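>>> Need a 3D model of the sequence below.
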Amino acid sequence: MPNELRTHHPGTTALSDPAFVRERTRPALVPFVPEISLHMADDAIALWESTEAARGEIGLPPPFWAFAWAGGVAVARYVLDHPELVAGRTVLDLAAGSGLVGIAAAKAGAAAVRAAEIDAYAVAAVRINAEANGVRIDAAVEDLLDGDGGPAEVVLAGDVFYERGMAARFLPFLERAQARGAVVLVGDPGRAYLPHGRFTALAAYEVPVVADLEDAALKTTTVWRLGPAVPPGG
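Reported below is the predicted structural model:
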């Protein structure tokens with residue numbers, strides 16, 4: 001399962017959210033992206049259960065903000081290796097999760113980075129992780145999918161095509177962003193609902209993942225650009 005905006009809305013940011021994130025995670029370097037450290041959890045199930053207990057709700061989505069998911073790792077790696085993509089530009093990290101992609105963009109020289117999530121814990125995690133990495137990210141609880149991501153010049157997203165319903169929302173959003181001139185990149189480890197014909201592959205990586213959350217220890221993950229191939233630096 002990916003870093004993504006979800007149809008479930010767990011509520012607005014509570015004062016305890018940063019403390020909750022800090023108490024249940026520990027900072028560690030991201031495998032495959034060692035330039036970045038994130039606050040990550042050791043046990044997905046235990047964290048999931050404690051999140052439900054803290055919210056007083058059963059059936060919440062997994063804590064996407066506490067792990068480095070393959071799609072986000074691939075996009076972060078690509079951005080750090082190709083800083084010209086974001087240098088001096090405004091960037092939107094869509095469905096930011098831990099903030100990994102946005103942090104990579106900031107480290108690569110983005111003029112400004114905005115991170116959007118609908119999970120208040122994720123927004124708290126983004127702020128904590130940005131501070132830990134010495135970068136500035138404007139993170140907020142917001143669902144942007146009815147818009148076009150403006151005024152961001154670059155729109156980046158990790159795994160967002162894992163579910164039919166979410167793909168049906170994400171693709172039109174990304175297409176609107178592209179139509180207004182934004183560069184749109186998505187990381188995808190072979191999810192079922194990525195419309196391959198709409199994208200151009202830029203790079204593929206063997207990304208180490210949390211085995212408890214995926215079906216393998218390594219996931220072949222592709223960074224895709226929405227639209228046809230363009231010349232380097234375009």
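
>>> only C-alpha atoms for contact and neighbour calcs from this point on.
Noted.

>>> Show residues contacting whichever strand or helix holds V207.
V207 belongs to strand 199-208 when elements are defined using DSSP states H and E. With contacts defined as Cα atoms under 8 Å, 6 or more residues apart in numbering, strand 199-208 is touched by 31-32, 70, 73-74, 78, 217-229.

>>> Mark which of those are buried, thanks.
Buried members of these, scored by 16 or more other Cα atoms under 10 Å, are 32, 70, 73-74, 78, 218-227.

>>> wait, which of those is closest to I137?
Nearest to I137, judged by Cα to Cα, of these is V73 at 17.7 Å.

>>> May I have the secondary structure class of that closest one?
Secondary structure assignment for V73 (DSSP: H, G, I helix; E, B strand; the rest coil): helix.

>>> what do you get for E84?
Looking at E84 with three-state DSSP, the answer is helix.

>>> Can you pull out the low-pLDDT segments for this protein?
For the chain, the stretches with pLDDT under 70 are 1-16, 211-212, 230-234.

>>> just the strands in this structure please.
26-30, 33-40, 90-94, 112-117, 138-141, 154-157, 183-188, 199-208, 218-226 (DSSP state E).

>>> Same list (the ones you listed) but as CSV, adding distance to E57.
Formatted as CSV, these follow (distance: least, Cα to Cα, whole Å):
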stretch, distance to E57
strand 26-30, 25
strand 33-40, 22
strand 90-94, 25
strand 112-117, 19
strand 138-141, 19
strand 154-157, 28
strand 183-188, 30
strand 199-208, 31
strand 218-226, 32
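
>>> out of those, which comes closest to D17?
Of all those, strand 138-141 sits nearest to D17, with 12.4 Å by Cα to Cα.

>>> and that closest one, what other elements does it pack with?
If contacts are counted by 3 or more Cα pairs under 8 Å, 6 or more residues apart in numbering; DSSP states H and E, strand 138-141 sits against strand 112-117, helix 120-132.

>>> Need the residues that contact it.
For strand 138-141, contacts defined as Cα under 8 Å, 6+ apart pick out 12-13, 113-120, 123, 126-127.

>>> Show me which of the residues you listed are buried.
Using 16+ other Cα under 10 Å, the buried members of the contacts of strand 138-141 are 13, 113-120, 123, 126-127.

>>> State the distance from V79 to A53.
Here V79 is placed at a distance of 37 Å from A53 (Cα to Cα, to the nearest Å).

>>> And those two? Which one has more around it.
When V79 and A53 are compared for neighbours, V79 comes out ahead with 25 against 11, by other Cα atoms under 10 Å.

>>> list the contacts for the more buried one?
By Cα under 8 Å, 6+ apart, the neighbours of V79 are 85-86, 104-105, 108.

>>> Check P195 too.
Here P195 is in contact with no residue (Cα under 8 Å, 6+ apart).

>>> Got the phi and psi for it?
phi -80, psi 90 (degrees, to the nearest 10).

>>> If I take the helix ranked longest in the chain and strand 90-94, what angle do their directions form?
Longest helix in the chain by number of residues (criterion: DSSP state H): helix 164-179. For helix 164-179 against strand 90-94, the angle by axes from the mean of the first three to the mean of the last three Cα atoms, to 10 degrees is 170 degrees.

>>> Could I have the CA atoms of helix 164-179 written out in CSV?
Provided in CSV are the C-alpha atoms of helix 164-179 (Å, rounded to 0.1, in the frame of the first residue of the first chain):
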residue,chain,number,x,y,z
ARG,A,164,-9.3,1.8,-8.6
GLY,A,165,-11.3,4.4,-6.8
MET,A,166,-8.2,6.5,-5.9
ALA,A,167,-6.8,6.1,-9.3
ALA,A,168,-10.0,7.6,-10.7
ARG,A,169,-9.4,10.7,-8.6
PHE,A,170,-5.7,11.0,-9.0
LEU,A,171,-5.4,10.7,-12.7
PRO,A,172,-7.7,13.6,-13.6
PHE,A,173,-5.9,15.8,-11.0
LEU,A,174,-2.5,14.9,-12.4
GLU,A,175,-3.8,15.6,-16.0
ARG,A,176,-5.1,19.0,-14.9
ALA,A,177,-1.7,19.8,-13.4
GLN,A,178,0.0,18.8,-16.6
ALA,A,179,-2.4,20.8,-18.7
